[in-house]
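> sequence first, then the predicted structure:
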Amino acid sequence: MASIGDEDGRKRILFMAPDGKRKTIRLGKVAKRQAEAVKVHVEQLANALGTNTAPPLATTQWLSTIDAKLYAKLVAVGLAADRSPALSTTLGKFLDDYIAGRRDVKKSTATVWGHTRRCLIRYFGAKKALGEVTIADATKWRRWLASSQRLSDSTVRRRCGIARQFFNEAADARLIAENPFRKLKGIGVQSNRERDYFVTRDEAAKVLDACPDAEWRLIFALSRFGGLRCPSEHLALRWGDVDFVEGRIRVRSPKTEHHRGKGERTIPLFAELRPYLEDARDLAGERADDPAEPIIIRYRAGANLRTQLERVIGRAGLATWPKLFQNLRSTRETELAEAFPIHVVCEWIGNSQAVAQKHYLQVTDAHFEAAKKAAQNPAQQAAARAGMEQQGAGTEPHILRGISQNGGMDKISSGRHKTRTCDLYGVNVAL
């Protein structure tokens, strides 16, 4: 807590610094109301220092408006950083130092940050003083990304969010008084469902036929029928992760390993996936006996799998779909959701139900066809219901087969026993 001292009208603020020493800020002859306002902000600054957190926005804004004389007094007692670093630290140097210093993030994250750095430098210049970037500049930069750089709305949102992260760090380090990107609205990444694409089994078969070798067929199958993230989860697979007897695969997930309990998951060895793994095992020979040996060896990190898959799709006589590997994961999750509870499917795919609904699950032509078929058979359904009603008590009901209204599921009922199978996408499973 801070207090106000008064000697013949000359006010001073007394406060306890985080180092345990009592310090004084002399304000001179000022009104009591002014001294009270300074006292409040001094308390906030001292508390922020003691807890290693950023001061409230109102205090940060106050710091940017006070005169140089009062600001210098705050600097003298350690409550504010010298304004000179913001003017002497250039944007290019700050960004380079920040990215280089974040050795805790993955290389892929640093690469994404590099794209935002490049855009900031291209617009402002590497020698732009960090403290000279204003809120208006941030808004103009966002417009420039969308117009001059012709980036998608999702990419613009992502880069604005990363830029705000950069300048948050500068504000926390007290290199700048406030984050000029803090007022940008609507920069959360949104789902672009226009880029959804369902890769049918016929299309998948054509791509598999066009693959150059068994390993490429496995890469594609792991994405289309296993729902794995490519390339990180493919390259992390070891022969010890595949249990051919129990029919299970352990999938390590570098993308989510920093979340507790999300470093790996177990998925079924799906029937569609098994032959491609068996082919790879046969070709691996003795290597497959070593649990630590990687399954994918020819196309390791550094290989441009996207470009190669585009060529394979072209050889198959197909047009490339919008998001090459993500569309494959999305397709598989949509298929599985027809046959299994959604919480099970999300556990296998490795995402949350919210993410699945927003970014993965698709409405396909097969759904419309199933609904159309059900709508075209009202007479058949009415006759079936009438037959059930005409049966007397204690009489064994006939076995009825009809197409349900629930996503193309076939229902077979006999007495109290019910079996349900899904044939909408060729995934057959009894529930």
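Thanks, I have the structure now. Residues are numbered from 1 along each chain as shown.

> can we go C-alpha only for contacts and neighbour counts from here?
OK.

> okay, now Gly226: neighbour count?
Neighbour count for Gly226, taken as other C-alpha atoms under 10 Å: 25.

> err, Glu246, not the other one
9.

> with Glu338 instead?
Neighbourhood size, Glu338 [other C-alpha under 10 Å]: 20.

> any idea how far it lies from Ala205?
Distance of Glu338 to Ala205, computed by C-alpha to C-alpha, to the nearest Å: 21 Å.

> list the contacts for the nearest residue to Ile135 once chain neighbours are set aside?
Among residues not flanking Ile135 along the chain, Pro180 sits closest, at 4.2 Å (C-alpha to C-alpha, 6 or more residues apart in numbering). If you count contacts by C-alpha atoms under 8 Å, 6 or more residues apart in numbering, Pro180 has them with Val133, Thr134, Ile135, Ala136, Asp137, Ala138, Arg164, Phe167.

> of those, select the buried ones using a PyMOL command.
Listed next is the PyMOL selection for buried residues among the contacts of Pro180, using 16 or more other C-alpha atoms under 10 Å:
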select buried, resi 133+135+138+164+167
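
> can you redo the contacts of Pro180 as JSON lines with secondary structure?
Output for the contacts of Pro180, formatted as JSON lines (DSSP: H, G, I helix; E, B strand; the rest coil):
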{"residue": "Val133", "secondary structure": "coil"}
{"residue": "Thr134", "secondary structure": "coil"}
{"residue": "Ile135", "secondary structure": "helix"}
{"residue": "Ala136", "secondary structure": "helix"}
{"residue": "Asp137", "secondary structure": "helix"}
{"residue": "Ala138", "secondary structure": "helix"}
{"residue": "Arg164", "secondary structure": "helix"}
{"residue": "Phe167", "secondary structure": "helix"}
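
> what residues sit buried inside stretch 187-201?
Those buried within stretch 187-201 under the rule 16+ other C-alpha under 10 Å are Ile187, Asp196, Tyr197, Phe198, Val199.

> what is the least confident helix or strand in the chain?
Between all helices and strands in the chain, the lowest mean by mean pLDDT, DSSP states H and E belongs to strand 400-403, at a mean of 34.

> just checking, what packs against the helix or strand that contains Arg117?
Remark: Arg117 resides in helix 107-124, with elements defined by DSSP states H and E. For helix 107-124, the elements it packs on are helix 91-101, helix 135-147, helix 153-172, judged by 3 or more C-alpha pairs under 8 Å, 6 or more residues apart in numbering; DSSP states H and E.

> what is the mean pLDDT for the longest one?
Translated: helix 153-172. Taken as a whole, helix 153-172 has a mean pLDDT of 92.

> tell me the helices and strands packed up against it.
For helix 153-172, the packing partners by 3+ C-alpha pairs under 8 Å, 6+ apart come out as helix 107-124, helix 135-147.

> closest to Arg217 out of the ones you listed?
Minimum separation from Arg217 across those (C-alpha to C-alpha) falls at helix 107-124, 25.3 Å.

> mean confidence for stretch 14-34?
88.

> same deal with stretch 306-316?
Averaged over stretch 306-316, pLDDT sits at 95.

> quick one on the thing from earlier: columns distance to Lys11 on top of the contacts of Pro180, output as TSV?
As requested, the contacts of Pro180 are exported to TSV (distance: C-alpha to C-alpha, whole Å):
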residue	distance to Lys11
Val133	35
Thr134	34
Ile135	35
Ala136	37
Asp137	39
Ala138	40
Arg164	39
Phe167	36
